[in-house]
Structures are given as C-alpha cells and as structure tokens.
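Colleague: Return a 3D structure for these sequence lines:
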Amino acid sequence: MIIDSNIVTAQFIKRPNRFVAYVKLDGKEVMVHVPNTGRCKEILVPGTTVVLREGKNPDRKTKYDLIAGYKKGILINIDSQVPNAVVEEALINKKVEYLKDYNQIKREKTYGNSRFDFRLSNDKGEEYYLEVKGVTLEEKGHCMFPDAPTERGTKHLLELVSVKNSGKGAGVLFLIQLEGAQSFSPHEDMDKEFAKALRFASSNGVDIFAYDCKVGENYITLNNHVDIIL
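Modeller: Numbering: from 1, shown residues only. Okay, the predicted model is just below:
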C-alpha cells in the first residue's frame with residue numbers, strides 16, 4: 001500500500017494525551033495528530049525520528065498525522081487505520097494462503113449483533129468472518145498485542161467463537177506493523193482477559209494468523225507469516 005500524501009520526518013518531543021503529540025519540524029515545535037490510541041511508549045521517545053503524513057483537509061486543526069517512528073533502526077508504523085487497508089490489499093492479491101479461495105471481500109460487515117472487519121465469501125456459498133488487529137509492540141523480535149487493555153478486543157474474540165459455532169469460518173489476523181518479527185503472542189501482563197480469550201478462541205476453532213509487514217516511510221505491505229506462541 002502506497003501512502004499517497006506528502007511525507008516528512010521530524011523529531012518527537014512529547015505526547016500530552018492520546019490524540020496529539022508535539023514534534024520538532026524545520027526547527028519549530030509543531031502539534032500533530034496521533035492516529036493511534038495505544039500507548040506506543042517504546043516508540044514515541046523524546047528525540048526519536050518520526051514520520052509525518054500531511055493531511056488533505058485544509059480545515060483540520062493539525063496539518064500532520066504522526067504515522068510511524070524509528071526504534072533502534074526499525075521503522076514501526078503506528079497508524080491504526082492502516083491494518084485493514086493492508087489486509088484488504090493482501091486478500092485481493094491472495095497473499096494470505098489460507099484464505100485465498102475467498103473471492104468476495106467486504107469490509108465492516110455485521111453478523112448477528114456483531115460487526116467484523118471483513119466478511120469473505122466464495123462461489124460455493126461459504127462465509128468467513130475476519131477481525132484484524134494492528135500490532136506495534138516489539139521486543140527483540142518478539143511482538144505482542146495489546147499494548148493497552150482492550151475490552152473491545154476480548155469481545156471480538158468471543159464473538160468470533162459464536163460465528164465458528166454457527167458453522168461459518170472465523171479468524172483473527174494480527175498485522176505486525178514492522179519488518180523482521182520472529183514471533184507473536186498475546187500480551188498477558190497487559191491484559192490477561194484478552195490472552196485467555198485468544199486461547200479460548202483458538203481451542204474452539206477460530207483461526208489465528210500473524211504477519212509482519214514491509215514498511216517504508218511512504219508504504220506498508222503484508223510480508224511474512226510469523227510464528228504464534230499462545
């Protein structure tokens with residue numbers, strides 16, 4: 001996926017709340033929007049180089065979105081809007097081997113009282129519901145989700161179990177927004193209920209996928225399958 005907006009780099013200064021940060025750009029302190037409500041503390045460190053995307057709406061309060069940051073030479077995309085777009089591109093291009101037989105891809109579809117990121121179907125009438133989670137937390141090649149407690153994430157996993165029990169396909173794909181990840185696991189120390197729900201979902205037939213990405217300052221695309229440790 002190519003990011004078709006003006007891209008610039010800056011130095012991170014501080015993040016006073018979830019939605020905004022201050023960076024040093026062309027020698028000036030500038031307020032920018034952060035499109036990720038997670039903590040990202042290991043990425044957004046004072047002085048680190050960050051990547052900004054210029055917004056296209058002239059009436060917005062901030063000119064730029066902070067979409068990525070360098071951590072020990074590794075570029076990590078933190079834009080929470082990116083994972084669904086990257087996964088949709090990958091599904092269309094048949095890059096998720098297990099799901100390649102589904103040729104109809106719909107985003108933001110409901111099943112019962114639940115809304116999932118994707119509903120996949122094929123000419124045989126088979127249906128598959130897929131939820132996508134973006135992952136930015138990495139330590140020595142091992143990646144984890146979530147980086148903040150997520151009741152919503154736990155709810156999604158339990159809803160996927162209900163989908164599977166109804167006879168339809170169900171899965172969750174963890175998109176690791178950096179290159180070179182070696183393994184993935186739920187972040188039990190951060191959210192025990194989510195970790196418990198992920199194991200429960202897996203034991204009840206919900207598919208668990210994890211992929212890393214090729215990431216540049218102006219692009220991000222699905223890369224390789226990553227080993228999962230539950």
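Colleague: need the helix or strand of this protein with the lowest average pLDDT.
Modeller: strand 104-111 (a mean of 91; mean pLDDT, DSSP states H and E).
Colleague: That one: how far from the chain's middle?
Modeller: 18 Å (Cα atoms, centre = their mean, to the nearest Å).
Colleague: Give me the buried stretch members for the helix or strand just after it, please.
Modeller: Per DSSP states H and E, strand 104-111 leads on to strand 114-121 as the next helix or strand towards the C-terminus. Neighbour-count burial for strand 114-121 flags Ser114, Phe116, Asp117, Phe118, Arg119, Leu120, Ser121 (criterion: 16 or more other Cβ atoms under 10 Å). Quick note: C-beta positions are derived from backbone N, CA and C, even for glycine.
Colleague: and the next helix-or-strand element following strand 114-121, which strands flank it?
Modeller: The first helix or strand that comes after strand 114-121 along the chain, using DSSP H and E, is strand 127-135. Strands adjacent to strand 127-135 in the sheet, as given by DSSP bridges, are strand 114-121 (antiparallel), strand 169-176 (parallel).
Colleague: Which strands or helices does the least confident helix or strand of the chain pack on?
Modeller: For strand 104-111, the helices and strands in contact under the criterion 3 or more Cβ pairs under 8 Å, 6 or more residues apart in numbering; DSSP states H and E are helix 82-92, strand 114-121.
Colleague: run the last query once more with 10 Å
Modeller: If contacts are counted by 3 or more Cβ pairs under 10 Å, 6 or more residues apart in numbering; DSSP states H and E, strand 104-111 sits against helix 82-92, strand 114-121, strand 127-135, helix 151-165.
Colleague: So the protein: which segments form each domain?
Modeller: 7-77, 81-228 (the TED database).
Colleague: so how far is the first residue of the shortest one from its last?
Modeller: Counting by Cα to Cα, to the nearest Å, you get 13 Å between the two ends of domain 7-77.
Colleague: residues contacting Lys56?
Modeller: Contact analysis of Lys56 by Cβ atoms under 10 Å, 6 or more residues apart in numbering lists Asp4, Ser5, Asn6.
Colleague: Could you give the bridge partners of the residue nearest the centre of the chain?
Modeller: Central residue check for the chain by Cα atoms, centre = their mean: the C-alpha nearest the mean position is that of Gly134, 1.5 Å away. Beta-bridge pairing for Gly134 (DSSP bridges): Leu175.
Colleague: Look up how far Asn36 lies from it.
Modeller: Distance check for Gly134 against Asn36: by Cβ to Cβ, to the nearest Å, it reads 8 Å.
Colleague: Glu89 now?
Modeller: 20 Å.
Colleague: now swap in Gly73 and tell me
Modeller: Between Gly73 and Asn36 the distance, using Cβ to Cβ, works out to 21 Å.
Colleague: I am finished for the moment; much appreciated.
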